[in-house]
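# quick one: sequence and predicted model below, then my questions.
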Amino acid sequence: MNLDKRPPILLIAEDDPDDRQWIQEALVETHALVEIHFVEDGEDLMDYLYHRGKYKSTSTLSYPGLILLDLNMPKKDGREALKDIKSDPRLRHIPIVILTTSKSKEDVFRTYDLGANSVILKPLKYSGYLDILRTLRQYWFEMIELPL
Amino acid sequence: MSKAHNGEAARSSEDLLSRLESDHSDLIDLYRRMLRKSIFTNRSELRPNRLEQLAADESDDLLRYLRQPDREQAVRHGADLCEAGLGEESVLGLGEATRQFFLSKISHEPVVPAIRAIDEYLHAVIQGFMRGRGQAILNEQERIRSALQRTLGRYSLQMEVAASLAGVTTSILDLDILVTTAVELIRERFDLYYVGLFLTDESRRWAMLRAGTGEAGREMLRRGHLFEVDSNSLVSKCVVSGEPWVILDVGRDDTFIPNPLLPDTLSEAVIPLRTRGKVIGAVTAQSRQVAAFSDLDVTALRILADQLANAIENARLFTELRRSEEKYRTLLDNIEEGYYELDMDGRYTFVNDALADLIHAPKNKILGSNFQQFIDPEYAERVKQAYQAAFELGGAVHGIEYKIRSKEGSSRFVETSALLSRSVMGEMTGLRGIVRDITARKQAEQYQIERKALERSNKELEQFASVASHDLQEPLRKIQILGDRLNTLYGESLNDEGRGYLDRMRIAANRSQKLIEDLLSLSRVETQGQPFVRVDLAKVTKDVAADLEERIAQVGGSVVIGELPVVEADPAQMRQLLQNLILNGLKFHQPEQKPQITVFGRILDAKPRSVKTPNAEALCQIFVEDDGIGFDEKYLDRIFQPFQRLHSGKEYEGTGIGLSICRRIAERHGGEITANSQPGQGSTFIVTLKVHHSNETKP
């Protein structure tokens, strides 16, 4: 990882403010060296990625290094967003980690089938978030090379 | 006339007579020549010997008169000449010849008295002749008049008979009654001895007697009287030629073949029966009189025969029609589809066997009853409207479906299509239609509908599962995390009571989470089942036992695996089934006792399950035996219900979903689950499954 460069952007698509708060807190607690950005639903996510809507003027935006995607969101849900991203040649290289509450085998299979890079069950304890974000940081931002 | 004069005349007459007698042959010769000359002017033919005779008679007569004048006799003689058929020319010729003859004989003598006598004679003869001639004319006139009268009377009578016969016969449609009536009527009205009617067979090889009058007719009918068409009989000739044959005097006709049953026949007329240009038979009319059949009689009989032939043809066609209709009805009774005819009031006028079977009522009860009586009330109005529309718009009824009314509750669905029936005159007479049993199709449709409903409800269940897994779990997860945060960040600042509440809240949330997950797994048996493949149950049981190794060790138990069959099943569900049952046995062990679970199975003898499914369905049974605490069998139903438990959570953990899932899995595999148990005596769970699943891989 090149420290001269700007830290990678972690884009988090999550409609629930509580979850967003816990994720942010856990990020701070795990000292992750990433720039984080939240979007609140699938459409917001696509606007961000395509620099449109409220993200039109923010020319400094660059592609995120990783997207954390909640499956259940209003307007456009995570599955649809996932499908759109993975079918667009300009976006499909971005790794996507899914956060879900469904343990159903079928849901999990379907999510991978749509091109998700990982599927993580949402934790039932706050410490679960700490574990998840620590692991994510180690794996995605320290161990492997992202297509930045 | 004076005496002297008479004496003188007599004298000269004697003189003349003696002369005449010597020249007698000359006079006869003269008469003969004269008669021959005028022979063609006579009123009737004179044969040569008759002419000879007349010439001699005439000469004798004249001489007799001259000897002994008798005026009356001379007049009679004239009448006789007329009677003999001589014409005026011959008679006047005879007179002239007589005069000439005497003048030539007595020219040199003044024999005026003699001449006068001859003139007197001739005068008397001509007078007699003319009188006879006048009478003959009168007689002739009378004969003609009466003959004319007779003929006219007969003609009008015959025409009347022909008309009345035509009236009677055309209204009779039964062939046998028609021909019998016809021969009787003809015999009676024409005053005949015997009338017989022959019809040719289809091959036109035979002309068979179909009706005959009187005892003779009956006897001939009994004997099956017939003629070969190709024979010499009158009937045959008539049939072949198509013309009437008349024998006026059977005694003088060599071709007549006498019939011993009709000995009195003296004349016979055979009239052809013609219709549409072909001869279909003949009528023989026989009379006890010679020459009973005039041309007029024959004409009247011909007219009559023509009408009769048409009536016979009609009756034949009608009989044929009726026969073909009978055939048609018989045919209708043998078809599988129902057939019916309704009148304008909607009453059945005909139903075939198939429809009677469908309606499940005897025909006599159906006929005359309104169709609505046999239709399920729910459908009656719809069918009625369809029929009415057909009547009013003159159309047809296509594929109206309805249910047949039944007491036994066996619901037969049928479909009917009907057409308007019309009479020959084009008037609507009702409806005729067919009825098809569509119960099987309806059931299939119903099954499809139910299947669709089931699919929909499965979809809904899936959606529910999705809702439960995400939306319902989401707030619950929040409660859990918030409880966790509260405990982590502020647990120490809470007093014991506060921490107690917090703990109980977190336990309740966890249990709620577990319940939702269990419910989901129950619904997934149907919604996320996999296709059936061959599964070795022994291997699955071994795998399960290996997975549960740690758990088994915890309680110090053991799992004994016996023989188990290979079946077609959803492998994941078989695994879940066996795992749940084994876990169940491990859980409910006797206190202070090491549980032992025995799993074994067998294929049941292939026996038909019922008459309706004669194809044997192979079944297998899986037994999971434990030596645990057992249960009272009165709770048997309860233990397989979701979340129904026989023990509190304190005694034995769990939500009570395991056995419900087992039951769902068994049912999805076309089987069932039950158990044998007594409290304290352990339990045996018995799962019955179908070994094969043809074409019914469930979603």
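All right, it came through fine.
# quick check: mean pLDDT of stretch B:496-504?
What stretch B:496-504 shows for mean pLDDT is 87.
# residue contacts, residue 119?
Because you didn't say which chain, this covers chain A. A:Val119 makes contact with A:97-98, A:100, A:108, A:111-112, according to Cβ atoms under 8 Å, 6 or more residues apart in numbering or on different chains. Every C-beta, even on glycine, is put in place using the N, C-alpha and C of the backbone.
# ah, no, chain B please
Going by Cβ under 8 Å, 6+ apart, the list of residues near B:Asp119 reads B:Arg99.
# tell me which helix or strand it sits in.
In this structure, B:Asp119 is located in helix B:112-170 according to DSSP states H and E.
# what residues does whatever helix or strand comes next after that helix touch?
Going down the chain from helix B:112-170, the next helix or strand is helix B:175-189, by DSSP H and E. Residues outside helix B:175-189 that contact it (Cβ under 8 Å, 6+ apart): B:157, B:161, B:164-165, B:168-169, B:172, B:192-197, B:199, B:210-214, B:217, B:283, B:285, B:301, B:304, B:308, B:311-312, B:315-316, B:319.
# same check on stretch B:541-549?
For stretch B:541-549, contacts defined as Cβ under 8 Å, 6+ apart pick out B:552, B:559, B:561, B:564, B:575, B:578-579, B:582-583, B:586, B:599.
# name the residues of chain B found near chain A, please.
Contact residues, chain B versus chain A (Cβ under 8 Å from any Cβ of the partner chain): B:465-466, B:469-471, B:473-474, B:477-478, B:480-482, B:484-485, B:488, B:513, B:517, B:520, B:524, B:528.
# please indicate which of these are buried?
For these, a burial check counting by 16 or more other Cβ atoms under 10 Å in any protein chain shown picks out B:465-466, B:469-470, B:473, B:477-478, B:480-482, B:484-485, B:513, B:517, B:520, B:524, B:528.
# who are the contact partners of the closest residue to B:Asn584 other than its chain neighbours?
Leaving aside its chain neighbours, B:Asn584 sits nearest to B:Gly658 (5.9 Å; criterion: Cβ to Cβ, 6 or more residues apart in numbering or on different chains). Contact partners of B:Gly658, counting by Cβ under 8 Å, 6+ apart, are B:580, B:583-584.
# what do you get for B:Ser241?
Residues counted as contacts of B:Ser241 (Cβ under 8 Å, 6+ apart) are B:Pro272.
# rewinding a little: for PyMOL, what selects the buried ones among the contacts of helix B:175-189?
The PyMOL command for the buried members of the contacts of helix B:175-189 (criterion: 16+ other Cβ under 10 Å) is given here:
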select buried, chain B and resi 161+165+169+172+192+193+194+195+196+197+199+210+211+212+213+214+217+283+285+301+304+308+311+312+315+316
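# for the contacts of B:Gly658, pick the one with the most neighbours.
Counting neighbours by other Cβ atoms under 10 Å in any protein chain shown, B:Asn584 comes out on top of the contacts of B:Gly658 with 22 neighbours.
# how near is that one to B:Val624?
Distance of B:Asn584 to B:Val624, computed by Cβ to Cβ, to the nearest Å: 8 Å.
# which neighbours do these two share?
Shared contacts of B:Asn584 and B:Val624, counting by Cβ under 8 Å, 6+ apart, come down to B:Phe685.
# shaky segments in the stretch 451-600 of chain B?
B:462, B:466, B:468-470 (pLDDT under 70).
# what about the helices in it?
Using DSSP state H, counting those that start in this stretch, the helices of the stretch 451-600 of chain B run over B:473-490, B:496-527, B:537-547, B:549-555, B:571-587.
# just these: most buried one?
For the helices of the stretch 451-600 of chain B, ranked by mean neighbour count under the definition mean count of other Cβ atoms under 10 Å in any protein chain shown, the leader is helix B:571-587 at a mean of 22.
# and the contacts of it?
For helix B:571-587, contacts defined as Cβ under 8 Å, 6+ apart pick out B:525, B:529-530, B:533, B:535, B:537, B:540-541, B:543-545, B:547-548, B:551-552, B:555, B:557, B:559, B:595, B:597, B:599, B:622, B:624-626, B:628, B:652-654, B:658-659, B:661-662, B:665-666, B:668-669, B:683, B:685, B:687.
# tell me which of the helices of the stretch 451-600 of chain B sits nearest to B:Met34.
Checking those against B:Met34 by Cβ to Cβ gives helix B:496-527 as the closest, at 143.1 Å.
# show me the contacts for residue 37.
I went with chain A, as the question did not name one. Contact analysis of A:His37 by Cβ under 8 Å, 6+ apart lists A:9-12, A:48, A:64.
# correction: the question concerned chain B.
By Cβ under 8 Å, 6+ apart, the contact list for B:Lys37 reads B:Gly93.
# how close does it get to B:Gln473?
Distance from B:Lys37 to B:Gln473, by Cβ to Cβ: 156 Å.
# where exactly do the strands run in chain A?
A:9-13, A:35-39, A:66-70, A:96-100, A:118-121 (DSSP state E).
# tabulate these (a markdown table), appending mean pLDDT.
Conversion of those to a markdown table gives the following (pLDDT from 0 to 100):
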| stretch | mean pLDDT |
| --- | --- |
| strand A:9-13 | 90 |
| strand A:35-39 | 88 |
| strand A:66-70 | 92 |
| strand A:96-100 | 91 |
| strand A:118-121 | 92 |
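# switch these over to TSV; also include distance to A:Thr135.
Listed next are the strands of chain A as TSV, based on distance: least, Cβ to Cβ, whole Å:
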stretch	distance to A:Thr135
strand A:9-13	13
strand A:35-39	16
strand A:66-70	12
strand A:96-100	10
strand A:118-121	9
